[in-house]
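# Fold the stuff below for me.
(chains A and B)
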There are 2 protein chains.
Amino acid sequence: MDVAAYMAELGQQARAASREVARSSTAVRNQALLATADALDAARSELASANRKDLERGRDNGLDSAMLDRLELTPQRIDTMIEGLRQVAALPDPVGVITDMTYRPSGIQVGKMRVPLGVIGIIYESRPNVTVEAASLCLKSGNATILRGGSEAIHSNQAIARCLGLGLRAAGLPESAVQVVNTTDRAAVGELITMPQYVDVIVPRGGKGLIERISRDARVPVIKHLDGVCHVYIDSHADPEKALNVAVNAKTHRYGTCNTMETLLVDQEVAEDLLPLLAQRFREKSVELRGCQRTCSLIEGVVPATQEDWQAEYLAPILAVKVVDGLDGAIEHINQYSSQHTDSIITENYTRARRFLTEVDSSSVMVNASTRFADGFEYGLGAEIGISTDKIHARGPVGLEGLTSQKYVVFGDGHIRA
Amino acid sequence: MDVAAYMAELGQQARAASREVARSSTAVRNQALLATADALDAARSELASANRKDLERGRDNGLDSAMLDRLELTPQRIDTMIEGLRQVAALPDPVGVITDMTYRPSGIQVGKMRVPLGVIGIIYESRPNVTVEAASLCLKSGNATILRGGSEAIHSNQAIARCLGLGLRAAGLPESAVQVVNTTDRAAVGELITMPQYVDVIVPRGGKGLIERISRDARVPVIKHLDGVCHVYIDSHADPEKALNVAVNAKTHRYGTCNTMETLLVDQEVAEDLLPLLAQRFREKSVELRGCQRTCSLIEGVVPATQEDWQAEYLAPILAVKVVDGLDGAIEHINQYSSQHTDSIITENYTRARRFLTEVDSSSVMVNASTRFADGFEYGLGAEIGISTDKIHARGPVGLEGLTSQKYVVFGDGHIRA
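Sure, this is the predicted structure:
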């Protein structure tokens, strides 16, 4: 198989389809989503048998149990995919929204219209349900998609792709509006990320290694999420009860998510009072603490932290703890070590809250709230294709709007420039 | 000189300065802009003598008269730079604007805050006034800047840089908030566009060759403007008087600008009536017409157009003319050949205007208005760092807002995720 030629063909078809999708009505795109949901529901046994093939091959290839778990399409996960499609269909359509129409002194009227990006390339790893999630958000926002899932999920992804094709056809949209790459050749990724003539943006979903590789080699803009080294800073003017609750929730609500706190910063003025209480709460949850020198001197059983701990995304019951000199020390530490994902201050002090909001350069900055809220659903975006730690285009949770941009529209009445 | 080490040092200083600029108040940034204006005014003779050096060397190196003209800092151009700084100081500050604050069912309040991008790298060619224009827009929007002008303007740019340094110092901002690269070594550009750790976005300004090269090699997001192949489509339901006026204005108001019409499309239903009138108007202005077969059969003295003409950005008194089959033919031609800069329909028909607005995928789409209006000043942005023909982040004229992004802010009262 000539992978370059194959990918170029997918690209051409996607570009052509993107025009049709962009001008389709909200109702038509919703119809495609709902028909896909029905197709998935009707194809449960086909999905299960395709998934079995992937699981068997995965076991033969020695995938670990965590990977096999992510790969599995249980009936509940199929339910979730179906439910997800219906939820996306119910979301408001961002496409075509016109805002900011104003008259200019020349007499022209100028505003902005929200438009699809065009063709979105999605590169992801083992979870086949991402195929439906990503395709549905791209389609709802008027884009065509090329999806490149993990090679270990190829049969499952192809079975899901057939359902998407049925849904698109039922709505009268071109099936090439959603294309799943049908080769496991790694060269396909290299092609996908270097076809700016066919692909407008790449959204990689997966481990940091994958995303770094893609960002390095891409010739197409990438909306990416690298890692989540999130902080909670307990200020000396914090309400101790709020501080304890938020810190514990931010760390222990879920360990494996990118918005989980990885480093706790405590103002030295309250460290002596609060650290023992915090240590006790974390000990109850079996969270290992790794502390700076001052932390180690105030509480027992803390592993001394090394330089690596300040930049670690543990995704595990481990927490780095540092005593800092007030707000300035906290901001300095965060701007040096944070991955610019989500950082929160706990304080009752108005001026410090305001400074933290302004000076911490992260995609989500919070006051008296758990970092775990940094999520498209919690923010009311309805859905989320990922969380961007980039600075241009979109920061933080990326929903439908993040898959669109705005063009200028100008209304005149024969106006010419003087 | 070790260019890589030198550029890394500029990068580190810019990153550090960007934090200070980002948290500075509107008043302080405006003060720096106004003090720079005063410093330029006081340094007229210094600017003139630095510029003389560049002009002499340029003459010795055989620069053509157009390049020498662009290079020259006349007293009027210094006036314009000073006036520009005062205008930028008077613009509203986009930084810190909070919008869309809403309460979520969880009780948290979520919104967006507009924030600087961080460090912006500007790469441009011979005109030294770009140094002031670009630096002022970046500073106003809370960013640090590294400017890399053309080697032929190095003395002028260094003299301008000294004035910027004086202005920054007068306002108590770090001088490294605006740094002008002081080497003409081309390797400096290569370094600047591959330091994502220090530079958040690159804005190249110059010829298509420069911009293509930078886009290809950059490891940092690029906000770019490639070319302007703009269209006016005269629909069969056009008001003939508006059609003639807009077509003539779009082509002849200025020939060398990116928002000048390069191809005129005429619906075949009205081609026989309108083309002779159009040809006469263009002949009066000495515009050479290059037409499709049908155009050549309807009017005399037209050069037959080749495939290249449909993608040409003439920037000259030359116009490609094509007779198309209605709106569908026009949209098809535009979506194939347009550089997605600016395209306009002339029509009195509501439904066709609406379809054109929706289906033409360009950064500015107009109805009954001259493409020449596609400009930051005409759109009311106050100023413009360039026009983006990209799809993500910013499309069309890029003003202060295009040099910022939005982060999420979350207000809670000890809220934790359930």
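
# Could you use CA atoms for every contact and neighbour count after this?
Will do.

# longest strand of chain A?
strand A:404-415 (DSSP state E).

# That strand and chain B, are they touching?
Yes. Strand A:404-415 reaches chain B (Cα under 8 Å from any Cα of the partner chain) through A:404-415.

# now that strand: mean pLDDT?
Confidence over strand A:404-415 (mean pLDDT, whole number) is 97.

# Likewise for stretch A:91-109?
The average pLDDT for stretch A:91-109 rounds to 97.

# Not counting its own residues, what contacts that stretch?
Identification of contacts with stretch A:91-109 by Cα atoms under 8 Å, 6 or more residues apart in numbering or on different chains yields A:26, A:110-116, A:140-142, A:382, A:400-401, A:404, A:410-413, A:415, A:417, B:358, B:369, B:378-380.

# Quick check: buried residues in that stretch?
Taking 16 or more other Cα atoms under 10 Å in any protein chain shown as the basis for neighbour counts, the residues of stretch A:91-109 that come out buried are A:93-96, A:98, A:101, A:103, A:108-109.

# coming back round to it: in helices, which of the contacts of stretch A:91-109 appear?
A:26, A:140, B:358 (DSSP state H).

# of those, closest to residue B:349?
residue B:358 (14.5 Å; Cα to Cα).

# How about the contacts made by the nearest residue to that closest one once chain neighbours are set aside?
Spatial nearest neighbour of residue B:358, chain neighbours left out: residue A:23 (6.7 Å); criterion: Cα to Cα, 6 or more residues apart in numbering or on different chains. Residues in contact with residue A:23 (Cα under 8 Å, 6+ apart) are A:142, B:358-359.

# Closest to residue A:120 out of these?
Among the contacts of residue A:23, and counting by Cα to Cα, the member closest to residue A:120 is residue A:142, at 10.4 Å.

# Ramachandran angles for the closest one?
For residue A:142, the backbone dihedrals are phi 80, psi 10 (criterion: degrees, to the nearest 10).

# and the closest residue to it other than its chain neighbours, what element?
Counting by Cα to Cα, 6+ apart, residue A:142 lies nearest to residue A:22, which is 4.7 Å off, once chain neighbours are set aside. If you go by DSSP states H and E, residue A:22 is part of helix A:3-23.

# could you give the mean pLDDT of that helix?
According to the model, helix A:3-23 has a mean pLDDT of 97.

# Of all the residues in it, which ones are buried?
Using 16+ other Cα under 10 Å as the test for burial, helix A:3-23 gives A:3, A:7-8, A:10-11, A:13-23.

# For the residue nearest to residue A:142, give me its contacts.
Remark: with contacts taken as Cα under 8 Å, 6+ apart, residue A:22 is in contact with A:115-116, A:118, A:142-143, B:359.

# okay, the residues you listed in CSV with pLDDT, neighbour count and distance to residue A:164 next?
Below are the contacts of residue A:22 laid out as CSV (pLDDT from 0 to 100; neighbours: other Cα atoms under 10 Å in any protein chain shown; distance: Cα to Cα, whole Å):
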residue, pLDDT, neighbour count, distance to residue A:164
A:115, 97, 28, 23
A:116, 97, 32, 19
A:118, 97, 28, 18
A:142, 98, 32, 15
A:143, 98, 30, 14
B:359, 94, 20, 24
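
# nearest to residue B:337, of these?
Nearest to residue B:337 among the contacts of residue A:22, counting by Cα to Cα, is residue B:359 at 14.3 Å.

# can you tell me which helix or strand the closest residue to chain B within the stretch 201-350 of chain A belongs to?
Sorted by distance to chain B under Cα to the nearest Cα, the residues of the stretch 201-350 of chain A start with residue A:242, at 4.7 Å. With secondary structure defined by DSSP H and E, residue A:242 is part of helix A:240-252.

# Going by neighbour count, list what's buried in that helix.
Neighbour-count burial for helix A:240-252 flags A:240, A:242-252 (criterion: 16+ other Cα under 10 Å).

# which phi and psi does residue A:69 have?
Dihedral angles for residue A:69 - degrees, to the nearest 10 - are phi -60, psi -40.

# The residue of the stretch 301-418 of chain A found nearest chain B: neighbour count?
Using Cα to the nearest Cα, residue A:393 is the residue of the stretch 301-418 of chain A that sits closest to chain B, at 3.7 Å. Other residues lying near residue A:393 total 21 when counted by other Cα atoms under 10 Å in any protein chain shown.

# swap in residue A:238?
By the other Cα under 10 Å criterion, the neighbourhood of residue A:238 contains 20 residues.

# thought it was touching residue A:352?
No. Taking contacts as Cα atoms under 8 Å, residue A:238 lies outside contact range of residue A:352: 10.5 Å.

# end-to-end on stretch A:227-242?
Across its full length, stretch A:227-242 reaches 26 Å between end residues, using Cα to Cα, to the nearest Å.

# What segments of the stretch 51-200 of chain A are helices?
Listed in chain order, the helices found in the stretch 51-200 of chain A under DSSP state H, counting those that start in this stretch are A:65-71, A:75-90, A:129-140, A:154-170, A:187-192.
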